[in-house]
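Colleague: Give me a model of this one.
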Amino acid sequence: MTTPPASDLPRGVVGDRQLVAVQTFDIARLTSHPVPIVPETFIAVSGLGPKEDSNGSGKTSFLIAVSLLLADPQWRLDTNGGRPAGGILFHPEAAGVDQTHRASPVDHGYIVGVFAHPADPAADPMTVWIRIATTAPYLQANWTEGLHLADAITDHERSIQADDLWRALGTRRQLSARAMADTLYGTAPRCLTYLDTALRPPAPSLLSQQLTEMEPKDIGRSLIALSGMSHLLDEEYRLRGLALESQIDLEKAQAEHEKQQLADEQVMNAVRARQAAQDSVEAGRAAWQRYLAASYREARALEESIAVKTRAAQDALTAADAVAQKADDRVRTLSAATDLADKESQAELNWSNAQQLSNELTQKLTELKTRHTVLIEERPTLLPYLHDWDGSDTATTADRLELSRRDHLKAEQACEAAEAAVTRAEKHLNDVEQGRSGTAGAAIDLLSGHGIPAYGLLDQIDLEETSRPLWEPRLAPWSDAVVVQPHHEHRARGLLHAALPGTQIVICDPQREPLPEGVRSNLNLAQFLTALNERFVPTHDGADVHDQALALTVTGGFTTPLAGRETRLQQSRRQLAQSQTQVTEAANALKAAASGVILARTQHTAAQAAERLAQLKKEEDQLQTDVAKADTRVVEAKRTEEQLKSVWKHAWGEHNGHKQRLITAKLELDAANKEVKDRRSTIVALEHQRTKAAAPQWQHLWGKSLDEAIRQLADLPDQTQAARPAALRRQAEHALRRAYERYGVDGDPDADVGEDLREGDKMARALADAEPGEPPARSFADAAYPLENRLAGHREQDNVAAARITRDRRTREQAIEELDAVGSTRRNAVETIQDMIENHIEGLFSQIGAAFNRLDLGSGNFGAKLEHRSVRPEGAGDWDWQVTPRWKRSRSGGYVSYRENANSAQVKVHAVLLVLAALLADNQSRGRVLILDELGNSLGETNRKDMLAALRDVARDQHLTILGTCQDSVLADAADACGELLWFTHASAADITNQPTSVWAFDSNGERTRLTEEWITAGRAHA
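Modeller: Below you'll find the model as predicted:
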């Protein structure tokens, strides 16, 4: 087994000092009372919240503050600047403070820690201040030797004092969030935590006891960090970075070399292109000379051939002129005869007129026969109506029909009136049945809609037969009155005043009183009826009633009863029955009237048919006479038409024969004239060809004799000698264009070339645009001159460039060889340190595995082990250590992976044991702090006690401090194992802040206790 080396990492300015006290300002609900920390022990953290348990007591807020003070890596202060830490500042809503306190959120707060050496605490203590703010910079740190603490009497005074103390530290040692951890605590983590908080993203870790959620590589990295060996991986990462930098430098140099080679190649390509351009110019010039010689030779041969053809064309023209003159004389003779056309036109006109007359007479005859047929077909449709004819004329039957229609209309109106009367009677009966007839009914509906009971007065009164003559005239003026109770009077009057003005309202009596004789009612109307009885007295004859005060008389004589609900119902039903009987009678009368209309209409139709039949007889007789006359005229017109048609055909034959002879003569003349024209065009074309052959111009361009041209071409190979001038010219043009293209001139008007080259390129292209058989307007030398001038200026520069490129290429190749050597050395160094680290960490995991097994056996289990595998990194990736914890579930069973199904308590037990085993393997754990939230949850009583005892022993043996929050179920066991108990109290939701933190502990180091005694006891009433 290889033993890993002792960790000699720099531990920052804090060094081996241990955290001995913590003070907070405006952090959550915590007060500014200092909290002493006993190092190298297990500290139980619990408390009392508003719900009589530890939830909401503020214990987690304190642990968050400690983790920030010690720069726990999980806060990622190096990347986020400490911004998430602002969530721990006091905020009334987050703290659940009642709005009646009018508490305001703070914009900054402080966490202060005192660190002291374990051997001599009073020698050189140190105070670290952390400032947290809601705006940038979000987190800053500062430190000073000695004690630099707030010690005012009250909590409020200490909070004010904190700002002064922070400013007093100055800015010389002030640290950013990024630099805080390395400067204060060195490269090894001073604090590792698991906290149940939303202020930072959750991450499965061994400390969170979420072992099954971790990958083997995450377990390996956590164990390395817990054992203080992360610096080895960091060093390997640094060296590997240097090797990668060398590789990058080499690749960069190679890329630059390749890039420069491309640039050099471009230069050499340009040199080669210019040489190729010069070669193309020379080849083009030679082709151009051959083109001029061949063109002159061909022009002389063409000129001699054209002279022979011209003489033959002139002889043919003379013969064609004689033939054309003869044809012209024949056309003139035939064109002089014009009388045949006039005769044919007149005959055609006469025949056309006769044909038109015959068609008109035939059409008229057809119309007469059609009308006769229609009259004959109309007769059978009229005969069936004659049996209903009574001999009357149409005027008489029309009067009868109009009279029957009037009777029918009157019957319809009477029927509609009877049906309307039934509808009114039915509505009246319905209103009477509901006690809501007449104007009183509308008032009752209105009051009922507003929850006020109301009744029709006459519906609620019954009269004895003997009392009717006196009481009916008394009640008649009140037929539309409504009755309401006294307590509804005011509301009823207000509603009816606005909606139904003029409504009569009768108020019931408060109590039941006797009614006048002969009158009955279920309502208390004694006062109203008594007043009527007193005021309306019978007249001397007893037929009417009279009110002396009003000078008013109401007549009697009602034939039917006026009052009483049943009486009014019977009257309404009789009225409905009478109306229904009238509807039946009106319907029968309407049917009789409808039958009368039908009979009158039938007789009128029959009279109209009789009159039409008489008229048809007269029209038929007249049509028969007209048809006979028209038939005679049609026969005569047809005979005349046939005669005139024969005359026209004879005239047309004579005229058409003459036209054919004239057309033939004209065709012969046209053919002769075309022949003459063609002969003349041939002579002109031959003259044009002779001019176009341009033998004199070609001789001038060639500048030598015909024999010399023939000799020039005879010296060439057979294929080139036989080539046509156009092909030779294309060779010269192509060579010149190719020369310009190789120099970089491609005809683009926007190309960055000189004006002389652009003009030369245009002339070269103009050579190709000219007709190949015509003498060129510009010579090859004119088009090639600008390019040849440029090429002459480049020759010396091209020679210099080629030599420079060869020299520089060798220099770069030597530099690449040197970089490759440096990279090889660094890669070897990386492989060497990787081998060393792999041996060290394998030894570390062996030690952790042994400690893991001892702890597991010591807890009463059956043994555990670690399986590990190194996965070396490629490139800039991480070096993964695949670590798989395994343990036995029975004495004789095999080792089971941590991810196989098991109860959660067993997994949590082994997660804690694995953490403790890693700590036991670290020989530089002094001063480190381990924070565990929700410690001991889901553990059985035995496992819980064992774990708590193990935490106590590891804290003591490894000289580290372990803070663990304990719920109520864990607290009793934790009190037996812990070396200190912190108790946080937030007794009521009405309190803005906690009560001062209570502490139970014993520290055997008296100097350490005296170091912070005054500060700890300041502001505590019980101290």
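Colleague: Can you show me the helices along the stretch 501-650 of the chain?
Modeller: With DSSP state H, counting those that start in this stretch as the criterion, the stretch 501-650 of the chain has helices at 526-535, 565-693.
Colleague: ok, R178 touching R76?
Modeller: No - contact criterion C-beta atoms under 8 Å: R178 and R76 do not qualify, at 10.3 Å. In this view, the C-beta of every residue, glycine as well, is placed from N, C-alpha and C.
Colleague: Can you pull out the low-pLDDT segments for the stretch 751-900 of the chain?
Modeller: Filtered on pLDDT under 70, the stretch 751-900 of the chain yields the residue ranges 751-752, 768-770, 772-773, 777.
Colleague: so where do the helices sit in it?
Modeller: For the stretch 751-900 of the chain, the helices defined by DSSP H, counting those that start in this stretch occupy 755-769, 780-858.
Colleague: so which of those gets nearest E708?
Modeller: Go through the helices of the stretch 751-900 of the chain one by one with C-beta to C-beta and the one that ends up closest to E708 is helix 780-858, at 18.7 Å.
Colleague: what's the residue of the chain most remote from its centre sitting at in phi/psi?
Modeller: Relative to the mean C-alpha coordinate of the chain, counting by C-alpha atoms, centre = their mean, the farthest residue is H540 (99.3 Å). With angles defined as degrees, to the nearest 10, H540 sits at phi -60, psi -30.
Colleague: downstream neighbour of the helix or strand of the chain with the lowest mean pLDDT in the secondary structure list?
Modeller: Within the chain, no helix or strand scores below helix 718-721, which has a mean of 52 by mean pLDDT, DSSP states H and E. Moving toward the C-terminus from helix 718-721, the first helix or strand encountered (DSSP states H and E) is helix 725-743.
Colleague: quick one, that following helix and helix 755-769 angle?
Modeller: In terms of direction (axes from the mean of the first three to the mean of the last three C-alpha atoms, to 10 degrees), helix 725-743 departs from helix 755-769 by 160 degrees.
Colleague: List the buried residues of helix 725-743.
Modeller: Neighbour counts over helix 725-743 (16 or more other C-beta atoms under 10 Å) mark 725, 728-733, 735-743 as buried.
Colleague: And the contacts of it?
Modeller: In this structure, residues lying in contact with helix 725-743 by C-beta atoms under 8 Å, 6 or more residues apart in numbering are 273-274, 276-278, 280-281, 283-285, 287-288, 290-291, 294-295, 298, 720, 746, 757, 760-761, 764-765, 767-768, 772-773, 780, 783-784, 787, 790-791.
Colleague: what's the average pLDDT for it?
Modeller: Regarding helix 725-743, the rounded mean pLDDT is 78.
Colleague: Check the offset of that helix from the chain's centre.
Modeller: From the chain centre to the centre of helix 725-743 is a distance of 60 Å (C-alpha atoms, centre = their mean, to the nearest Å).
Colleague: ditto for stretch 991-1002
Modeller: Mean C-alpha position of stretch 991-1002 versus that of the full chain (C-alpha atoms, centre = their mean) differs by 55 Å.
Colleague: Give me the distance between the two termini of it.
Modeller: One end of stretch 991-1002 to the other measures 31 Å (C-alpha to C-alpha, to the nearest Å).
Colleague: can you list contacts of that stretch?
Modeller: For stretch 991-1002, the external contacting residues (C-beta under 8 Å, 6+ apart) are 29-31, 33, 35-36, 38, 43, 57-58, 62, 92, 95, 97, 101, 103, 155, 979-987, 1019-1020.
Colleague: if we go to 7 Å?
Modeller: Outside stretch 991-1002, the residues that touch it by C-beta atoms under 7 Å, 6 or more residues apart in numbering are 29-31, 33, 35-36, 38, 58, 97, 101, 103, 979-987, 1020.
Colleague: Weed out the non-buried ones from these.
Modeller: Applying 16+ other C-beta under 10 Å to the contacts of stretch 991-1002, the neighbour count classes 29-31, 33, 35-36, 38, 58, 97, 103, 979-986 as buried.
Colleague: ok so, going back, how close does the residue farthest from the centre of the chain sit to K908?
Modeller: The gap separating H540 from K908 is 119 Å, by C-beta to C-beta, to the nearest Å.
Colleague: Also F780?
Modeller: 98 Å.
Colleague: next one: R891
Modeller: As judged by C-beta to C-beta, R891 and K908 stand 22 Å apart.
Colleague: tell me which element the closest residue to A637 other than its chain neighbours is part of?
Modeller: For A637, ignoring the flanking residues on the chain, the nearest one in space by C-beta to C-beta, 6 or more residues apart in numbering is S358 at 4.1 Å. With elements taken from DSSP H and E, the one containing S358 is helix 339-382.
Colleague: helices or strands up against that helix?
Modeller: Here helix 339-382 touches helix 565-693, going by 3 or more C-beta pairs under 7 Å, 6 or more residues apart in numbering; DSSP states H and E.
Colleague: buried residues in stretch 577-593?
Modeller: Going by 16+ other C-beta under 10 Å, stretch 577-593 has these buried residues: S579, Q582, V583, A586, A589, L590, A593.
Colleague: In TSV: these, plus pLDDT and distance to A263.
Modeller: Putting those into TSV (pLDDT from 0 to 100; distance: C-beta to C-beta, whole Å) gives the following:
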residue	pLDDT	distance to A263
S579	80	118
Q582	83	121
V583	80	117
A586	82	118
A589	85	121
L590	80	116
A593	82	119
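Colleague: which residues are contacting stretch 476-486?
Modeller: 438-440, 443-444, 447, 452-458, 460, 492, 503-508, 510, 523, 554, 562.
Colleague: on that earlier part again, now the angle between helix 565-693 and the following helix or strand past the helix holding S358, please.
Modeller: For helix 339-382, the following helix or strand on the C-terminal side (DSSP H and E) is helix 394-433. Angle between the axes of helix 394-433 and helix 565-693 is 120 degrees (criterion: the same axes, to 10 degrees).
Colleague: Kindly spell out which helices and strands sit in contact with helix 394-433.
Modeller: Against helix 394-433 (3+ C-beta pairs under 7 Å, 6+ apart) you get helix 565-693.
Colleague: Measure how the helix it packs on sits relative to helix 339-382, angle-wise.
Modeller: Helix 565-693 and helix 339-382 are oriented at 170 degrees to each other (the same axes, to 10 degrees).
Colleague: chain center to helix 565-693, what's the gap?
Modeller: The answer for helix 565-693 is 66 Å, by C-alpha atoms, centre = their mean.
Colleague: continuing past that helix, what's the next helix or strand?
Modeller: Remark: after helix 565-693, the chain's next helix or strand is helix 695-702, criterion DSSP H and E.
Colleague: Sort out which residues of that following helix are buried, please.
Modeller: Going by neighbour count (16+ other C-beta under 10 Å), the buried part of helix 695-702 is A695, W698, Q699, L701, W702.
Colleague: what does that helix contact?
Modeller: For helix 695-702, contacts defined as C-beta under 7 Å, 6+ apart pick out L292, A293, S295, Y296, A299, R300, E303, A709, P775.
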